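> 3D model of this:
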Amino acid sequence: MTQDIHKPEPATTLSAEKKTPKSRSLVLKKCFLAGAAAVLIVVVGLWLWQNNFQEKPSSEGMIAKEIRCNHLHVVVRSPDHADALIACEGARDAIEFLAAQGLDVAADIAIDLLTRLPVVVSPSAAGCCLESEGRVLVLVYSEFRKFKTWFGIPIDHSLYRSCVSHEVAHLVAYYNFKISEPSIQAKEYIAYVTQFSTMESLLRKKVLSQFPCKAFEGDWQMSTTIYMFDSMGFGVRAYRHFLELADEHEYVLAILNGKALVE
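Residues are numbered from 1 along each chain as shown. This next block holds a predicted model:
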């Protein structure tokens, strides 16, 4: 008994053969499946981004309680009441300073004190600002203390308070920028100037003593590269530059209007 052996037909592309109703149906099915796969990839990507970036306020079994800071448009969610009160003080410091510089400080601000920051944030960071969400994220004090030192000096509640001021300044500045994409150095200049200007004088003196660097001479010295290489040194030099300005108020407004510290 013999067995018929069927040789496979040469492969051809659909563009080279006559498109029958059956082949057109196959093409449509393939296009549909490819489109569905693309949509699925986008959805999964967005889900991963949101879950990596949006921290759960009640991490490690700690339940966050919400308080509203007195006389401020600021809400703090924190598992520790004492930390929340310090956060309110830091927010008030930043808001009062920036209001004096002519910024609009009426927008609502939410501060979440967390046991850990989103995974996309640098492990060396103590806080971050989610501008589009109107939220500031800062480590709870017990986690912040694990850094042991900050700006070269031992961590205490005053440093913690200044950390909150820095992040709140980022958010207030975001609401006041007149340009769509301000430079990193523009954002950080305002945040660091706010932080140092609102520090207790003795604390500020200790911090500045750790950085013998000179003030920036002008915009041309302040760049993203300088900031990325030494963020704290950038902050100190920016503050010293701020102190030497003939008109501090005018310079801050120039930054917000995109006339200074642009890329």
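
> going forward, measure contacts and count neighbours with C-alpha atoms only.
Fine.

> Considering helices and strands only, name the one in the chain with the lowest mean pLDDT.
When the helices and strands of the chain are scored by mean pLDDT, DSSP states H and E, helix 21-53 comes last with a mean of 44.

> I figured Phe234 hits Ser223, correct?
No: Phe234 is beyond contact range of Ser223, at 9.2 Å (criterion: Cα atoms under 8 Å).

> Looking at those two, which has the bigger crowd around it?
The neighbour comparison of Phe234 against Ser223 (other Cα atoms under 10 Å) goes to Phe234, with 24 against 17.

> residues contacting the nearest residue to that one once chain neighbours are set aside?
Spatial nearest neighbour of Phe234, excluding adjacent residues (Cα to Cα, 6 or more residues apart in numbering): Tyr227 at 5.4 Å. Applying Cα atoms under 8 Å, 6 or more residues apart in numbering to Tyr227 gives the contacts 185, 233-234.

> hey, where'd the strands end up in the stretch 51-200 of the chain?
65-68, 74-78, 109-114, 127-130, 135-139, 149-150, 153-154 (DSSP state E, counting those that start in this stretch).

> distance of Ala233 from Ala106?
No, residue 233 isn't Ala; it's Gly. Distance, Gly233 to Ala106, using Cα to Cα, to the nearest Å: 31 Å.

> okay, these two: which has more neighbours?
Taking neighbours as other Cα under 10 Å, Gly233 and Ala106 compare with Gly233 leading, 19 against 13.

> does that one sit in a helix or strand, and which one?
helix 231-243 (DSSP states H and E).

> Next: Leu245.
Using DSSP H and E, no helix or strand contains Leu245.

> Roughly how far does Phe144 sit from Met62?
Distance from Phe144 to Met62, by Cα to Cα: 16 Å.

> So those two - more neighbours on which side?
More neighbours surround Phe144 than the other of Phe144 and Met62, with 24 against 13 (other Cα under 10 Å).

> Next, count neighbours for the nearest residue to that one once chain neighbours are set aside.
In space, and not counting its chain neighbours, Phe144 is closest to Ala126: 6.4 Å by Cα to Cα, 6+ apart. Residues contacting Ala126 under the criterion other Cα under 10 Å number 23.

> Ala126: what's it in contact with?
Listed by Cα under 8 Å, 6+ apart, the contact set of Ala126 reads 117, 138-139, 144, 163.

> so what pLDDT did it get?
What the model reports as pLDDT for Ala126 is 97.

> Point out where this protein drops to low pLDDT.
Residue ranges of the chain with pLDDT under 70: 1-61.

> can you rerun that using 80?
Scanning the chain with the threshold set as pLDDT under 80 gives 1-62.

> that older thread, would you reformat the contacts of Tyr227 as a markdown table and include distance to Asp247?
Listed next are these as a markdown table, based on distance: Cα to Cα, whole Å:
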| residue | distance to Asp247 |
| --- | --- |
| Gln185 | 19 |
| Gly233 | 23 |
| Phe234 | 21 |
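
> Export the contacts of Ala126 as JSON lines, with columns for distance to Thr194.
Shown next, in JSON lines, are these (distance: Cα to Cα, whole Å):
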{"residue": "Leu117", "distance to Thr194": "22"}
{"residue": "Val138", "distance to Thr194": "17"}
{"residue": "Leu139", "distance to Thr194": "19"}
{"residue": "Phe144", "distance to Thr194": "20"}
{"residue": "Cys163", "distance to Thr194": "10"}
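
> which pair in those spans the largest distance?
By the measure Cα to Cα, Leu117 and Cys163 form the most distant pair in the contacts of Ala126, at 14.1 Å.

> okay, now Ala107: neighbour count?
12.

> Grab the nearest non-local neighbour of it.
Closest to Ala107 by Cα to Cα, 6+ apart is His73, at 6.8 Å.

> OK, contacts around the spatially closest residue to Met199 that is not a sequence neighbour?
Spatial nearest neighbour of Met199, excluding adjacent residues (Cα to Cα, 6+ apart): Ser162 at 6.2 Å. Contacts for Ser162 (Cα under 8 Å, 6+ apart) come out as 90, 195-196, 198-199.

> now do Asp104
Asp104 makes contacts with 172, 175-176, as judged by Cα under 8 Å, 6+ apart.
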